[in-house]
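> Pasting the sequence and the predicted coordinates here, then a few questions.
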Amino acid sequence: MSDLRRPSSRKARLDQPRDQRRSLPRPAYNPEVFGIFAEQFARFMGTARFLMWMTLFVAAWVAWNALAPASLRFDEFPFIFLTLMLSLQASYAAPLILLAQNRQEQRDKVIAEQDRQANARAHADMEFLAREVASLRMSVGEVATRDFLRSELRSLREDLTPDPDGSGDEDHASTR
């Protein structure tokens, strides 16, 4: 009865995590190096060279096991061993290709973010330049034009130069 009331120190308690167990040593690997390997592998599998070598391998396998003497054949007609090898190759190729695609997706995200930031800076620069151009247009609208200055200078010159017959001074004096 006393066992039910007090939990034993040897029993695992559900409210506390278990102590770490010693397990097999885990091999240490560099994810970057493994990722580069996966990308190179995926890149090679997407080439015509790989397709050619794989076709030659399968054709040689089938030819050997179909045409060789019965005592030298190692994989009879349904070619079960060949199917197993191709399945094994596909089971390794698929995750490596997915890893390469994930790495490419991460690079694409970084590039897209950099492009977005560059576009935002370019947009801000264009808005600034548009405001500057508008300001310059308004300033130019207030500046006297060449034709206006010429006409004003002509009228001032006419006002300042005396008439040779003297009649212009009286007209100007009477209008004032």
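Happy to help now that I have it. Numbers count the residues shown, from 1 in each chain.
> And the helices in the chain?
Using DSSP state H, the helices of the chain run over 2-5, 31-45, 48-67, 80-142, 146-160, 167-175.
> so which of those helices is the most packed in?
helix 31-45 (a mean of 14; mean count of other C-beta atoms under 10 Å). Quick note: C-beta positions are derived from backbone N, CA and C, even for glycine.
> who wins for proximity to R73 among the helices of the chain?
helix 48-67 (5.0 Å; C-beta to C-beta).
> Give the ranges of residues in the chain that sit below the confidence cut-off.
The model of the chain has pLDDT under 70 over residues 1-12, 166-176.
> Relative to R21, which of the helices of the chain is closest?
helix 31-45 (25.0 Å).
> Which residues does the closest one contact?
Applying C-beta atoms under 8 Å, 6 or more residues apart in numbering, the contact partners of helix 31-45 are F50, A93, L96, I97, L99, A100, Q101, R103, Q104.
> In JSON lines: the helices of the chain, plus distance to R18.
What follows is those, written out as JSON lines (distance: least, C-beta to C-beta, whole Å):
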{"stretch": "helix 2-5", "distance to R18": "21"}
{"stretch": "helix 31-45", "distance to R18": "28"}
{"stretch": "helix 48-67", "distance to R18": "47"}
{"stretch": "helix 80-142", "distance to R18": "30"}
{"stretch": "helix 146-160", "distance to R18": "92"}
{"stretch": "helix 167-175", "distance to R18": "113"}
